[in-house]
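Q: my questions are about this predicted structure, shown below with the sequence.
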Amino acid sequence: MKKIMNTAADFVDEMLDGLVGAYPELTLAGEDKRVVRRAAELRSGKVGVVSGGGSGHLPLFTGYVGQGLLDSCSIGNVFEGPTVGSCSDAIAAANGGAGVLLLYGNYGGDRMNFDMASEFAADDGIETRTVLGNDDVASAGPDEREKRRGVAGIVYAYKAAGAKAEDGASLDEVTRIAELAVSRTRTIGVALSPCQVPGSDRPSFTLGENEIEMGMGIHGEPGIWRDQLRPADEIVDEMIGRLLDDAPKDAGKRVSILVNSLGATPLEELLIMFRRAKSRLAGEGFEVERPLIGHFATSMEMAGASISLCFVDDELSSLLAAPAQTPFWTVG
Amino acid sequence: MKKIMNTAADFVDEMLDGLVGAYPELTLAGEDKRVVRRAAELRSGKVGVVSGGGSGHLPLFTGYVGQGLLDSCSIGNVFEGPTVGSCSDAIAAANGGAGVLLLYGNYGGDRMNFDMASEFAADDGIETRTVLGNDDVASAGPDEREKRRGVAGIVYAYKAAGAKAEDGASLDEVTRIAELAVSRTRTIGVALSPCQVPGSDRPSFTLGENEIEMGMGIHGEPGIWRDQLRPADEIVDEMIGRLLDDAPKDAGKRVSILVNSLGATPLEELLIMFRRAKSRLAGEGFEVERPLIGHFATSMEMAGASISLCFVDDELSSLLAAPAQTPFWTVG
Amino acid sequence: MGWTVSDIAGAVGRAHTEMGRLEQELNAADAKLGDGDTGGMLKRVLDRMAALDLSGVEDAGSALSQLARAAAAATGSSLGTLLATALLTMSRELKGQAEVDPSSLDGLLAGARDAMMARGKAELGDKTVLDSIEAVIVALRSHGGGDVGPVVIGAARDALDQYRDRTNKRGRARMFGDATVGMDDPGMLAFKELVEAMAR
Amino acid sequence: MGWTVSDIAGAVGRAHTEMGRLEQELNAADAKLGDGDTGGMLKRVLDRMAALDLSGVEDAGSALSQLARAAAAATGSSLGTLLATALLTMSRELKGQAEVDPSSLDGLLAGARDAMMARGKAELGDKTVLDSIEAVIVALRSHGGGDVGPVVIGAARDALDQYRDRTNKRGRARMFGDATVGMDDPGMLAFKELVEAMAR
Ligand SMILES: Nc1ncnc2c1ncn2[C@@H]1O[C@H](COP(=O)(O)OP(=O)(O)O)[C@@H](O)[C@H]1O
Ligand SMILES: Nc1ncnc2c1ncn2[C@@H]1O[C@H](COP(=O)(O)OP(=O)(O)O)[C@@H](O)[C@H]1O
Ligand SMILES: [Mg+2]
Ligand SMILES: [Mg+2]
Ligand SMILES: [Mg+2]
Ligand SMILES: [Mg+2]
């Protein structure tokens, strides 16, 4: 696998350099410069919304720092959690005195680091809450939802919580909204070909010539089945079927859908998938609103796609529609 | 190469179905439904801006139909020009009585069809002008600029002409702006791995295990050299060098830069490229403004990237900053 | 004694039938120095042209104009658009005529050739379908009279043979440069095969 | 008598040296049931720890606290963060002491184990580094006295052997389920190798 990069050791730092060089509304912070934050002064009294995780998933996470979304992000090496120090720095950067929500994907390493940082934050008098993205239905059964990994669907929680915080809501309220968005979001992915971590001498996994894996995670975590490639409509039908089977009890009949490229899969194919997903959902009596189609949470050059459904109500719907201005997601 | 699709014959039509299904502000038009147009009524007296070309380059072209950018687009099969009929239908869809600008890439088939359609349009009393994107410096020498192919840099002309037309400018003025943007824009691409046309049984070209091709076109047209992969900074230095060597005579010291993924190359790598490009340009005394980084003009799942420079002045700069609202490019 | 609309429709029908056999052969020729779609494209074009009902049409100009529009609607590829251009140009010349005089064929083709050159910006000698047409015009001009069919077919064959060992200078094939020497240009090959079918 | 800061620094140095050999071996173990970075990660962690200058430090608690911060700064991966947690917990216990009494090791490790369990939410028996630590604690408690080195090493080896044929229930390895039977847990393997190096 060929990459346009310099050295593996500089991959993340050069990427971050490029990011803040391109978008002056973002800036790097923290001892290791592994925190991306809004360049503008914090609005005092605003609840901070912080995320973070390993690199290699752009636009997730750092591309969503900005007005109406995240305040800051701590970033680790490719596919490796951020350090405790970076998590602490990200919390400090987002602290406007009204508390900070830690909103990130449910991965062991990330949790340990954010947990530890939030203990340090408590020592410093900063109140934090934690909400974990756990949208990946392929990673554990419905009875073990708390074990599920967080994948692309976390952007719904970012958007809703970010809009709520921008509105001046309290930490309790912002936390409630993030929990609501997480509880209403389900994702499943399908992988066609692997990616390769910079510096590694081989791809992160292998798939046969004509093979796909349903349910694979964004770091190549094992999925549900591996089998021959099949027509898009069949793939989408299975994905939508699995998501609807797992729909939250309080889901109504309104749904936002995110068709996300894992990297190499082009927009043409996402639109072909969306077409089928929408007609399947309509067939089940759902109204599809505010579709998101494109690169939202990637695994570098992995080929494949994920579909997320967010079962919205009036409250979530209006928060998703609220204005936001970040490098890779602008609304309104 | 694996694709998430149904049949090759339905690839484009299903993609278009997905597009207008996702974005109700767009709609299909024309006898063959191979025209994407704004759903809203045409503003009478507004100059129309039309583009078109083969499929397989999303977001180009259809993803840029909308407020402040294009009025309509005719679309052919993958890597094949749109029919004369579709071109005629796209012109009709963009005709608000003040004339229509045809703004598309310099490819033989596309030119023949748009030329013919513009003759039909003349018969029907619709005045048209044609401006061809020819930004690819690798496709012919500076003395033969009129032979150069149009690639990603055409989005600068879309944006400037689209904003000017939205302002209510005359066909002459909108044409002048499109010509200005084209004359100020230069692009070069580098390819790392091929794509595959749906239905074809092999990739569009082959590259060795560790080989790249400098200057390759977006349909795999032959470039300048083929050699071993090298560090990102070296690649970018050569690309920026070639672009600056070819800079228009009237270029000032302000430049907008577009770092575009050809498909599979992830944002991380684009940012690493941008970082070097910016510092190289700064070293040459340029002020970099309004960078564009992401997927703008792709070749499906081809790996590689292109860099475009648009040497702006006050007029172009303010047109690039004007509001626009389309599925894959929103400004302001 | 000229060709009526019904003769024209018959020739189109024969060309259409021939495409069943020709499609893969032309695709293969285009795959070597282009993008491999000449046969599939011409099949789609002739499907549409043959589907036209010209039975009520008297005016040969109107018939050719309808055929031109059918061709243009079927494809956006180079050869298809050039064919539509040729048909449109000839249709203008024939406006109001119920019959086409075979002895006017060289003039009609010359008009078509000029329009195609204007449309596609190719020169004679670039090894394209234009060189087949030019060869036919030249042969017709030095031809005494009588049946034009064998003259057209002979010229189309000779052109194909003469250009085989030259270099393509236009269209996608241009990019392949000297690698095109020894290969039939797909447009010229298609021209020869289709006039053979039409003249049958 | 007890271990001084200089003894601690020496042990860190030996572990660091050992990483040169161990890096690829641990990566390979992690590649089979994780993401293949355990070795690279520990290398970075030990690079940072070994780079600390502890020569002026008298207080063992302060030394461990500095080592904990160095580990935490070097990585965000699971094992690295758990190591930092363990060091931080022990550093609090040792605050103000110039020497670490070897007979207090079981208690120190028990404290570390509890903190790691709280941090990582794993249970004993999940086949993680915790099970190695637990085995060492148990062995130390039934140990009469004298040199603790062989006890620690023996327990770490036994734990690795005993758990090899069990299933990983925590961390990335959990996803591989029964495919982990017969494989060494990379964290347990690292533990064994590093205590061997430190005890040398
Ligand atoms: N500009 C041109 N002028 C004249 N003939 C052309 C031109 N471009 C292509 N052709 C003819 O068209 C043939 C290829 O047709 P086709 O496969 O439809 O083109 P493409 O797939 O490149 O659009 C060539 O063999 C040549 O004879
Ligand atoms: N939650 C946990 N509790 C205890 N030990 C764990 C936990 N998660 C992982 N480990 C240990 O860490 C080792 C893997 O370390 P490492 O490769 O750094 O993790 P990762 O790459 O998954 O973040 C495992 O072999 C296991 O011994
Ligand atoms: Mg890891
Ligand atoms: Mg073609
Ligand atoms: Mg062709
Ligand atoms: Mg690991």
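A: That came through, no problem. Ligands and ions are numbered 1, 2, ... in the order given.

Q: so where is chain A shaky, pLDDT-wise?
A: Within chain A, no range satisfies pLDDT under 70.

Q: same check, this time on chain C
A: Checking chain C against pLDDT under 70 turns up C:1.

Q: residue of chain C nearest chain B, please.
A: Chain B sits closest to residue C:76 of chain C, with a gap of 3.5 Å, by CB to the nearest CB. Glycine gets a C-beta too; all of them are placed from N, C-alpha and C.

Q: which SS state does that residue fall under?
A: coil (DSSP: H, G, I helix; E, B strand; the rest coil).

Q: tally of neighbours for it?
A: For residue C:76, the neighbour count with other CB atoms under 10 Å in any protein chain shown is 30.

Q: excluding its backbone neighbours, what's nearest it?
A: residue B:81 (3.5 Å; CB to CB, 6 or more residues apart in numbering or on different chains).

Q: so the residue of chain C closest to chain B sits against residue B:75, correct?
A: No: if you go by CB atoms under 8 Å, residue C:76 and residue B:75 don't touch, sitting 9.2 Å apart.

Q: shared neighbours of these two, which are they?
A: Counting by CB atoms under 8 Å, 6 or more residues apart in numbering or on different chains, the shared contacts of residue C:76 and residue B:75 are B:54, B:82, B:86.

Q: would you check how far apart the last one and residue B:51 are?
A: To tie it back to what came earlier, the one meant is residue B:86. In this view, residue B:86 and residue B:51 are 12 Å apart by CB to CB, to the nearest Å.

Q: picking that back up, out of the shared contacts of residue C:76 and residue B:75, which comes closest to ligand 1?
A: residue B:54 (9.6 Å; CB to the nearest ligand atom).

Q: what about that closest one, neighbour count?
A: Other residues close to residue B:54 by other CB under 10 Å number 25.

Q: A strand includes it, no?
A: Yes: assessed with three-state DSSP, residue B:54 lies in a strand.

Q: just checking, it touches residue B:81?
A: Yes: applying CB under 8 Å, one finds residue B:54 in contact with residue B:81, separated by 6.0 Å.

Q: can you give me the end-to-end span of stretch A:211-219?
A: 18 Å (CA to CA, to the nearest Å).

Q: biggest helix in chain C, by residue count?
A: Secondary structure of chain C per DSSP state H: the longest helix is helix C:5-33.

Q: so which bits of chain C are right by ligand 4?
A: Listed as neighbours of ligand 4 in chain C under the rule CB under 5 Å from the ion: C:35, C:37, C:77.

Q: including neighbour count and distance to ligand 1, could those residues go into JSON lines?
A: Listed next are these as JSON lines, based on neighbours: other CB atoms under 10 Å in any protein chain shown; distance: CB to the nearest ligand atom, whole Å:
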{"residue": "C:35", "neighbour count": "20", "distance to ligand 1": "5"}
{"residue": "C:37", "neighbour count": "25", "distance to ligand 1": "5"}
{"residue": "C:77", "neighbour count": "31", "distance to ligand 1": "3"}
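
Q: ok, and which of those residues reach chain D?
A: Counting by CB under 8 Å from any CB of the partner chain, nothing from the residues of chain C next to ligand 4 sits close to chain D.

Q: can you redo the residues you listed as TSV with distance to ligand 6?
A: Shown next, in TSV, are the residues of chain C next to ligand 4 (distance: CB to the ion, whole Å):
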residue	distance to ligand 6
C:35	46
C:37	49
C:77	52
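
Q: and the residues you listed, which is closest to residue D:107?
A: residue C:35 (75.9 Å; CB to CB).

Q: neighbours of residue A:310, how many?
A: Neighbours around residue A:310, by other CB under 10 Å: 29.

Q: helix or strand: which one has residue A:150?
A: Residue A:150 belongs to no helix or strand when elements are defined using DSSP states H and E.

Q: and it, what does it touch?
A: A:104, A:105, A:106, A:107, A:132, A:133, A:134, A:135, A:136.

Q: and if we set it to 10 Å?
A: A:51, A:53, A:60, A:103-107, A:110, A:131-136, A:139, A:157, A:182, A:185, A:187, A:217-218, A:297 (CB atoms under 10 Å, 6 or more residues apart in numbering or on different chains).

Q: where along the chain do the helices fall?
A: By default, I'm working from chain A. Under DSSP H, chain A gives helices at A:11-22, A:84-93, A:108-123, A:154-166, A:171-183, A:232-245, A:267-283, A:314-321.

Q: not quite, go with chain C.
A: C:5-33, C:38-51, C:60-74, C:78-93, C:105-120, C:129-141, C:149-163, C:186-199.

Q: for residue B:39, which of those helices is the nearest?
A: helix C:60-74 (24.3 Å).

Q: what's the longest helix of chain C packed up against?
A: The helices and strands touching helix C:5-33, judged by 3 or more CB pairs under 10 Å, 6 or more residues apart in numbering or on different chains; DSSP states H and E, are helix C:38-51, helix C:60-74, helix C:186-199.

Q: before we move on, back to that, roughly how far apart are the residue nearest to residue C:76 and residue A:47?
A: Distance from residue B:81 to residue A:47, by CB to CB: 53 Å.

Q: and for residue A:320?
A: Residue A:320 is 18 Å from residue A:47, by CB to CB.

Q: which of the two has more neighbours?
A: residue A:47 (30 against 21).

Q: so which residues on chain C come close to ligand 1?
A: C:30, C:34-35, C:37-38, C:41, C:77-80, C:82, C:120-122, C:128-130, C:170-172, C:185-188 (CB under 6 Å from any ligand atom).

Q: contacting residues around residue A:36?
A: A:16, A:19-20, A:23, A:26-30, A:51-52, A:61-66, A:70-75, A:90, A:93, A:327.

Q: do residue A:135 as well
A: A:105-106, A:145, A:148-157, A:181-188, A:243, A:246, A:258, A:306, A:308-310.

Q: change it to 6 Å
A: Contact analysis of residue A:135 by CB atoms under 6 Å, 6 or more residues apart in numbering or on different chains lists A:151, A:153, A:185, A:186, A:187.

Q: any idea which residue of chain C lies closest to ligand 1?
A: residue C:187 (2.0 Å).

Q: how about that residue: what's its closest non-neighbour residue?
A: residue C:129 (3.6 Å).

Q: the one you found reaches residue C:192, doesn't it?
A: No: Residue C:129 is beyond contact range of residue C:192, at 9.9 Å (criterion: CB atoms under 6 Å).

Q: between those two, point out the one with more neighbours.
A: residue C:129 (28 against 21).

Q: near ligand 1, which residues of chain A?
A: Residues of chain A lying near ligand 1 (CB under 6 Å from any ligand atom): none found.

Q: could you list the domains of chain A?
A: A:11-183, A:185-323 (automatic domain parsing).

Q: ok, the closest residue to ligand 3 within chain A - contacts?
A: Closest residue of chain A to ligand 3, CB to the ion: residue A:80 (4.7 Å). Neighbour list for residue A:80: A:54, D:76, D:77 [criterion: CB under 6 Å, 6+ apart].
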